[in-house]
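> Mind looking at a prediction? Sequence and model below.
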Amino acid sequence: MCGIAGLITQDPATRVGAMLKAIEHRGRDDEGVWTSSPINDEGQGVCFGHRRLSIIDTSAAGHQPMLSSDGRLVVILNGEIYNYRELREYLTTKGHSFRTQTDTEVLLAAWAEWGEDCLPRLNGMFAFALWDERARTLFLVRDRVGIKPLYYATEGAQDAGAPNSFVFASEIKSILASGLVKAELDRERLHQFLTFLWVPDPNTLFRGIRTVPPGHIVTLRKNELNVREWWDISFDSIEEGKSDGWWQEQVLETLERVVKLEMVADVPLGSFLSGGIDSSSIVAMMKHHSDGRRIGTYTIGIEAEDLRYDIIPDDVQWARRVNQQLDTDYHEIMLQPDVAELLPKLVYHMDEPAIDMAIPSYLVSRAARETLTVMLSGMGGDEVFAGYPRQLAMKIAGAFDPVPQLLRRPLMRTLANVLPGGLPGKLTAPLRNAKKFARSAALDFEDRYLGYETYFTDEAKTRLYTDEMRGATQGLDAYSAHRRYFARVKNAAPLNQLLYVDLKTFLPCLNLMTTDKTSMAANLEVRVPFLNQEMLDLTARMPTHLKLRGLKRKYILKRAAEKLLPREVVWRKKAGFGAPIRSWLRGPLQPMVNDLLSAETIKRRGLFRPEEVKRVIDANLSGREDYNLQVFQLLTLELWQRAFIDQ
């Protein structure tokens, strides 16, 4: 796990130091820089920089940037290639020799042997940059589902075309530190951010700064920039006719194999443990391959005082129950942050407005880093096995589809209007979700699902925006990226359509990005076995009734896990991973809200109408509506603008 940065410009070595300083937290064990000779008539050169967190072959032999033995290829790698030993053995038979025990050197040999065709052979989480000196070509590559981030920007051209200079890095703050790109808010992307809490790939809130999308390769040669997809998941090979028992065994065998594969490390390794089905199953499998060593586990709980206004099930009691069963080296942290002080720090590390889960994610990562360097996480289980409430809500809402639209739409609209948004001093989340369900259930399939993922609707944004902001976003479809992905899988089963869209949007743009940025802020590597290539392949072949059966989410995973865990743990109520922001907005964050979202501040920004922001805040505080996530969104957006746009 590392941080990478690089650029193609005149005298690039003078800029890379500041870029690496900006991502020093991603790797404190080593720093390396490589610079080419001039590559064109303009005197531009290539410069690669690397910050290292040593995981595999922690000796100096793993220093990056790493060059191939003939000097033709140079690479900087962030992440891990889990099957590097298998690839190394094969490449040895093809005549390649190795000086180190690293996966980075295996990547160089694989590229030398197969070129871009090596990518489907790689099982891992990775973002890397590779320079081919002979072809004078730069390659930027990101793993299948976007576990590791990678950004790039061109100086002199905002869009793909003919850049004057080119810069890339693991984090946006590193790109900005190059001095080649100015931090500017992209108002069109703000329109999407307010809808979802995040911006769909390949765009960001920064004008002109893009992501390398998951499963994509960006190629730059002679000022020609090309972006293409090298991997996509397919649901074309569904295996029907197999028994539940057969699938249970497949799930267990695959989970055991990928957990063992992702336990490869030369440093202390453990796991997060929420007490849910995903993380608990991983810890159970880790126990099988720990050679008698107790697995280090970390969980985070929430104080009862902070749950007055929220529904966040008590994970701690379930984590304790799993620990009793598996006898881990268990660590329990209660969430007691100075949230007003911590939040600006997290916004800086995220490069974007932080969501609520960023706070517990960072705190548990920071605690784990005191004893461990690598942690396994259960993230991804909901995306591949259908574990989210909205997927179940889609199935329930589908029961109303036989009702004619002329009746269904007014019926649901009436129900949404009748339901209160909240009650003073009461739990408001269930009411919010009920209203969202009623508003969306009457819509067509795609719009229904998009409605469940929406926070500020188009109507709400129209009320929120200033005249100038309305003009800048007029005619924009915030859902355009989602609709493109729906179109790709229009012939797949409805549930697989939802899983596909989430895999391309929600998972990399929110969950994985938050996990990477918060864990790396603590200098900790996090691995996600449920998103291993083998698990992706297995679940793509699986009939949908094994994922969502009746009202039971992640059905086949839970049936399989009954062989590993107590039944009450397997079938417990799902708990989301979040923070008690409803209590915080009424307590320690209230002065910050009053200051950063004051009428004067909002008016000065020129994006939103102060009276509408005040209405949203007041309705939330009174309990008339559950706008907690929207208020938190506006708060962290202002913190982001102060950190990056205002500097």
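Now that the structure is in, tell me what you want to look at. Numbering: from 1, shown residues only.
> contacts and neighbour counts: CA atoms only from here.
Noted.
> Provide a list of residues in contact with the residue positioned nearest the centre of the chain.
What sits nearest the mean C-alpha location of the chain, by Cα atoms, centre = their mean, is residue 512, with 1.8 Å. Taking Cα atoms under 8 Å, 6 or more residues apart in numbering as the criterion, residue 512 is in contact with 146-148.
> Retrieve the pLDDT associated with it.
In this model, residue 512 is scored at 98, pLDDT.
> And residue 403, by the same measure?
The model reports residue 403 with a pLDDT of 64.
> cool, and residue 155?
The per-residue pLDDT reported for residue 155 equals 78.
> you'd agree it is up against residue 166?
Yes. The pair residue 155 and residue 166 passes the contact test of Cα atoms under 8 Å, sitting 6.2 Å apart.
> Settle it for me: which of those two has more neighbours?
When residue 155 is set against residue 166 and neighbours are counted by other Cα atoms under 10 Å, the residue ahead is residue 166, at 23 against 19.
> Using CSV, write out every CA atom in stretch 474-494.
Written as CSV, here are the backbone C-alpha positions of stretch 474-494 (Å, rounded to 0.1, in the frame of the first residue of the first chain):
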residue,chain,number,x,y,z
GLN,A,474,-30.2,23.9,-16.4
GLY,A,475,-30.9,20.8,-18.5
LEU,A,476,-28.4,18.6,-16.6
ASP,A,477,-29.4,15.1,-15.8
ALA,A,478,-27.7,14.1,-12.5
TYR,A,479,-28.5,10.5,-13.2
SER,A,480,-26.9,10.3,-16.7
ALA,A,481,-24.0,8.0,-15.5
HIS,A,482,-26.4,5.7,-13.8
ARG,A,483,-28.7,5.5,-16.9
ARG,A,484,-25.7,4.6,-19.1
TYR,A,485,-24.9,1.7,-16.8
PHE,A,486,-28.6,0.6,-16.7
ALA,A,487,-28.5,0.6,-20.5
ARG,A,488,-25.5,-1.8,-20.5
VAL,A,489,-27.3,-4.5,-18.6
LYS,A,490,-30.9,-4.0,-19.8
ASN,A,491,-31.2,-7.7,-20.6
ALA,A,492,-30.0,-8.9,-17.2
ALA,A,493,-32.2,-9.9,-14.4
PRO,A,494,-33.6,-6.9,-12.5
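> tell me the mean pLDDT for that stretch?
96.
> Can you give me the neighbour number for the closest residue to residue 189 other than its chain neighbours?
With Cα to Cα, 6 or more residues apart in numbering as the measure, residue 205 is the residue that lies nearest to residue 189, at 5.6 Å, once sequence neighbours are left out. For residue 205, the neighbour count with other Cα under 10 Å is 25.
> For stretch 333-352, output the C-alpha coordinates as CSV.
Backbone C-alpha positions of stretch 333-352 (Å, rounded to 0.1, in the frame of the first residue of the first chain) are rendered in CSV as follows:
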residue,chain,number,x,y,z
ILE,A,333,-13.3,1.4,20.7
MET,A,334,-16.2,3.6,21.7
LEU,A,335,-16.9,6.5,19.4
GLN,A,336,-16.1,9.6,21.4
PRO,A,337,-14.4,12.0,18.9
ASP,A,338,-14.0,15.8,19.1
VAL,A,339,-16.1,15.8,16.0
ALA,A,340,-15.8,19.6,15.4
GLU,A,341,-12.1,19.3,15.4
LEU,A,342,-11.9,16.0,13.5
LEU,A,343,-14.3,16.8,10.6
PRO,A,344,-12.1,19.4,8.8
LYS,A,345,-9.1,17.0,9.0
LEU,A,346,-11.2,14.2,7.4
VAL,A,347,-12.5,16.5,4.6
TYR,A,348,-8.8,17.3,3.8
HIS,A,349,-7.9,13.7,3.7
MET,A,350,-10.9,12.8,1.6
ASP,A,351,-10.3,15.4,-1.0
GLU,A,352,-14.0,15.8,-1.0
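> Show me which positions of it end up buried.
Of the residues in stretch 333-352, those with enough neighbours to count as buried (16 or more other Cα atoms under 10 Å) are 333, 335, 339, 343-344, 346-352.
> Neighbours of residue 169, how many?
Residues near residue 169, counting by other Cα under 10 Å, number 31.
> same check, this time on the one 5 residues further on
Taking other Cα under 10 Å as the neighbour definition, residue 174 ends up with a count of 27.
> backbone phi and psi for residue 219, please?
Taking degrees, to the nearest 10, you get phi -120, psi 130 for the backbone angles of residue 219.
> residues in contact with it?
Residues touching residue 219, when contacts are defined by Cα under 8 Å, 6+ apart, comprise 137-140, 225-227.
> Take these and write them to a markdown table, including neighbour count, distance to residue 478 and secondary structure.
Written out in a markdown table, the entries for these read as follows (neighbours: other Cα atoms under 10 Å; distance: Cα to Cα, whole Å; DSSP: H, G, I helix; E, B strand; the rest coil):
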| residue | neighbour count | distance to residue 478 | secondary structure |
| --- | --- | --- | --- |
| 137 | 16 | 35 | strand |
| 138 | 21 | 32 | strand |
| 139 | 18 | 30 | strand |
| 140 | 23 | 27 | strand |
| 225 | 17 | 26 | strand |
| 226 | 13 | 25 | strand |
| 227 | 16 | 22 | strand |
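> Show the backbone phi and psi for the residue nearest to the centre of the chain.
phi -70, psi -40.
> least trustworthy helix or strand in the chain by mean pLDDT?
Using mean pLDDT, DSSP states H and E, the weakest-scoring helix or strand in the chain turns out to be helix 405-418, at a mean of 58.
> Please confirm that residue 220 is located within a strand.
Yes. With the criterion set as DSSP: H, G, I helix; E, B strand; the rest coil, the secondary structure at residue 220 is a strand.
> Just the buried residues of stretch 333-352: which are in helices?
Among those, the members found in helices (DSSP state H) are 339, 343-344, 346-350.
> Looking at those, spot the one nearest residue 322.
Proximity to residue 322 was ranked across these by Cα to Cα; first place goes to residue 339, at 29.4 Å.
> Any figure for the gap between the closest one and residue 303?
Between residue 339 and residue 303 the distance is 14 Å, computed by Cα to Cα, to the nearest Å.
> re the thing from before, mind giving me TSV with the contacts of residue 512 and columns for neighbour count, distance to residue 397 and pLDDT?
Converted to TSV, the contacts of residue 512 look like this (neighbours: other Cα atoms under 10 Å; distance: Cα to Cα, whole Å; pLDDT from 0 to 100):
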residue	neighbour count	distance to residue 397	pLDDT
146	26	31	98
147	26	32	98
148	26	35	98
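> of all those residues, which comes closest to residue 316?
For residue 316, the closest of the contacts of residue 512 turns out to be residue 147, at 26.8 Å, with distances computed as Cα to Cα.
> SS state for the closest one?
Under three-state DSSP, residue 147 comes out as coil.
> This completes my enquiry, with thanks.
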